[in-house]
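J.: Any chance you can model this:
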Amino acid sequence: MRLLLLVVPSQDMIIMMMIFLFLIGSAVALQTNLCLEEEILLLPPVNFTIIVTGLSKVLLHWKPNPNQNPRIKCIKYNVRINTPDEDDYETPKTQSTRVNVLHGGFSASVQTVFHCDSSFFQSSWVSAELQAPPGAPGTSAVNLTCVTNILRGDVSLHCTWFVGKNAPEDTQYFLFYRFDIYTEECQEYKKDSWNRNIACWFPETAIDRKGRGQLAVHVNGSSKKIAIKPLDRLFDLHAIDQVNPPVNVTAKIEGNRLVIQWEKPVSNFPRKCFDYEVNIYNIRKDYSQILKIQGNSFSLVIDPTSKYSLKIRATVHFTCRKNGLWSEWSQFIYVGEDEPTHLTEWLLAVLMATACFFVFSLFFICRVCQLWTKLFPPIPAPNTQVKDLFLSNIYEKTRFGETEIEVISYLEDPGLDNLDDSVF
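T.: Reported below is the predicted structural model:
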């Protein structure tokens with residue numbers, strides 16, 4: 001059985017609701033009447049000021065004009081940033097916080113605006129300005145870059161820069177960073193040959209571990225000769241956060257497949273937030289390939305007779321934050337048989353080519369200089385008349401039927417060619 005409870009408003013509640021509706025209707029009617037007027041006069045805000053509240057952070061503050069027509073309700077303010085970068089936005093408040101680099105100065109303007117149906121009314125502008133801090137041109141630090149990383153559960157920060165081209169030799173630079181409301185000065189500097197600070201290391205910071213938000217970095221300087229101009233930079237944390245390489249990478253060959261496994265980098269992001277690149281290099285064939293992987297393992301068909309080296313790096317997937325930097329590559333891992341066939345064949349080919357070149361060169365030298373004839377002179381043949389004499393003797397004996405066969409052989413004596421024919 002269900003009970004239906006009806007709440008009947010009392011007479012006082014009905015009267016209050018009627019009064020509230022009447023006030024709303026009166027306000028709407030008043031605004032409608034104002035919109036029907038040909039022109040609505042809007043006065044600009046007063047006491048517009050710009051106050052620096054932190055590194056690269058300012059507070060814009062103003063007050064409504066006291067002479068503004070009180071019948072005009074729900075007015076808003078249009079804020080325009082003039083320098084360093086132009087920007088326009090609207091706010092119903094009388095103050096606004098802005099994050100901008102300030103080493104070049106800062107300028108902004110504000111006006112009163114009123115929206116009425118399809119009509120739009122606005123006042124004149126009032127402006128305020130912050131002058132650029134003093135400093136000689138070309139003395140500020142240049143090429144300021146920063147990278148964050150998670151070490152032992154804390155976010156570290158490493159920044160580097162170059163000395164300004166017009167900075168004196170005694171210039172010294174100092175770095176500060178701000179994240180949210182926390183500001184810290186660097187305590188660990190790296191110096192150049194002139195003992196000037198050119199890099200900074202924060203092993204622990206208050207920076208968000210998820211890489212969200214903006215980081216403000218300020219580098220100022222001092223010199224006894226001239227004023228050093230400061231430098232400001234804003235970094236999106238996701239763009240400078242470099243994750244760690246994957247850990248516990250293992251690889252093995254099973255038949256003709258290469259199986260690789262690893263664990264996610266040391267990070268506050270869960271396992272599903274990482275993408276990976278695997279670089280596989282075939283040492284024997286001098287061939288490499290890079291594969292994009294989602295997950296913590298994969299297998300690949302390979303040549304089991306070759307030896308391979310591989311390494312892996314990681315980045316955070318865009319579903320967990322905006323794209324950032326890739327990690328460093330992991331250490332090389334080697335798998336497969338070490339068959340230096342390719343190197344051995346190459347060495348043998350080089351040795352054979354060298355030997356052939358040496359032999360050909362030696363032959364060419366001997367040919368040109370006639371060294372072979374000088375080292376090994378030709379053996380002279382016996383005189384033709386001597387050969388005929390011996391052959392004639394054999395013929396005569398055979399002709400007269402002698403049973404005794406006389407075999408005469410002769411050796412070619414080099415000296416026979418020089419004998420005089422009269423000897424015979």
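
J.: could you show me where the helices are in the stretch 1-150 of the chain, in order?
T.: Shown for the stretch 1-150 of the chain, the helices assigned by DSSP state H, counting those that start in this stretch span residues 11-36.

J.: which residues of it fall in strands?
T.: Using DSSP state E, counting those that start in this stretch, the strands found in the stretch 1-150 of the chain span residues 46-54, 57-63, 76-83, 87-91, 95-99, 106-116, 119-122, 126-130, 142-151.

J.: Select from these the stretch with the lowest mean pLDDT.
T.: Set side by side, the strands of the stretch 1-150 of the chain give their lowest mean pLDDT on strand 119-122, at a mean of 84.

J.: Can you list the neighbours in contact with that one?
T.: Defining contact as CB atoms under 8 Å, 6 or more residues apart in numbering, one finds that strand 119-122 is touched by 35, 40, 42, 78, 111, 112, 113, 114. Using the backbone N, CA and C atoms, a C-beta is placed for each residue, glycine as well.

J.: Report how many residues lie close to the closest residue to residue 191 other than its chain neighbours.
T.: Nearest non-adjacent residue to residue 191, counting by CB to CB, 6 or more residues apart in numbering: residue 197, 5.9 Å away. Neighbour count for residue 197, taken as other CB atoms under 10 Å: 20.

J.: that older thread, save the strands of the stretch 1-150 of the chain as a markdown table, and put in mean neighbour count too.
T.: Below are the strands of the stretch 1-150 of the chain laid out as a markdown table (neighbours: other CB atoms under 10 Å):
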| stretch | mean neighbour count |
| --- | --- |
| strand 46-54 | 14 |
| strand 57-63 | 18 |
| strand 76-83 | 17 |
| strand 87-91 | 11 |
| strand 95-99 | 15 |
| strand 106-116 | 19 |
| strand 119-122 | 14 |
| strand 126-130 | 16 |
| strand 142-151 | 17 |
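
J.: which stretch among these comes nearest residue 182?
T.: Closest to residue 182 of the strands of the stretch 1-150 of the chain is strand 46-54 (CB to CB; 9.7 Å).

J.: Show me what that closest one is in contact with.
T.: Counting by CB under 8 Å, 6+ apart, 58-66, 97, 102, 106, 108, 110, 126-130, 178, 181, 183, 216 sit against strand 46-54.

J.: cutoff 7 Å now
T.: 58-63, 65, 102, 106, 108, 110, 126, 128, 130, 178, 183 (CB atoms under 7 Å, 6 or more residues apart in numbering).

J.: What strands line up against it, and which way round?
T.: The strands beside strand 46-54 in its sheet (DSSP bridges) come out as strand 57-63 (antiparallel).

J.: what's the closest non-adjacent residue to residue 148?
T.: Counting by CB to CB, 6+ apart, residue 148 lies nearest to residue 241, which is 4.7 Å off, once chain neighbours are set aside.

J.: For that neighbour, what are phi and psi?
T.: Main-chain dihedrals, residue 241, degrees, to the nearest 10: phi -80, psi 120.

J.: So it sits against residue 212, correct?
T.: No: between residue 241 and residue 212 there is no contact under CB atoms under 7 Å: 9.6 Å.

J.: okay, those two: which has more neighbours?
T.: Between residue 241 and residue 212, residue 241 has the larger neighbour count (other CB under 10 Å), namely 26 against 13.

J.: contacting residues around that one?
T.: Contacts for residue 241 (CB under 7 Å, 6+ apart) come out as 148, 211, 324, 325.

J.: nearest to residue 172, of those residues?
T.: residue 148 (25.0 Å).

J.: so what's the closest one up against?
T.: Taking CB under 7 Å, 6+ apart, one finds 155, 156, 157, 207, 237, 240, 241 in contact with residue 148.

J.: can you rerun that using 6 Å?
T.: Neighbour list for residue 148: 155, 157, 207, 240, 241 [criterion: CB atoms under 6 Å, 6 or more residues apart in numbering].

J.: so it bridges to which residues?
T.: Taking DSSP bridges, one obtains residue 157, residue 241 as the residues bridged to residue 148.

J.: thought residue 82 was touching residue 104?
T.: No: taking contacts as CB atoms under 6 Å, residue 82 lies outside contact range of residue 104: 11.7 Å.

J.: so what are the domain limits for this protein?
T.: Annotated domains of the chain cover 46-130, 142-240, 247-335, 341-375, 384-423 [automatic domain parsing].

J.: Which strand or helix spans the residue nearest to residue 188 when sequence neighbours are not counted?
T.: Nearest residue to residue 188, sequence neighbours excluded (CB to CB, 6+ apart): residue 201, at 4.4 Å. Counting by DSSP states H and E, the element that carries residue 201 is strand 197-202.

J.: Tell me the helices and strands packed up against that strand.
T.: If you count contacts as 3 or more CB pairs under 6 Å, 6 or more residues apart in numbering; DSSP states H and E, strand 197-202 packs onto strand 154-162, strand 189-191.

J.: deepest of the ones you listed, which one?
T.: strand 154-162 (a mean of 19; mean count of other CB atoms under 10 Å).

J.: where do the helices sit along the stretch 151-300 of the chain?
T.: So, for the stretch 151-300 of the chain - with DSSP H, counting those that start in this stretch - the helices run 237-240.
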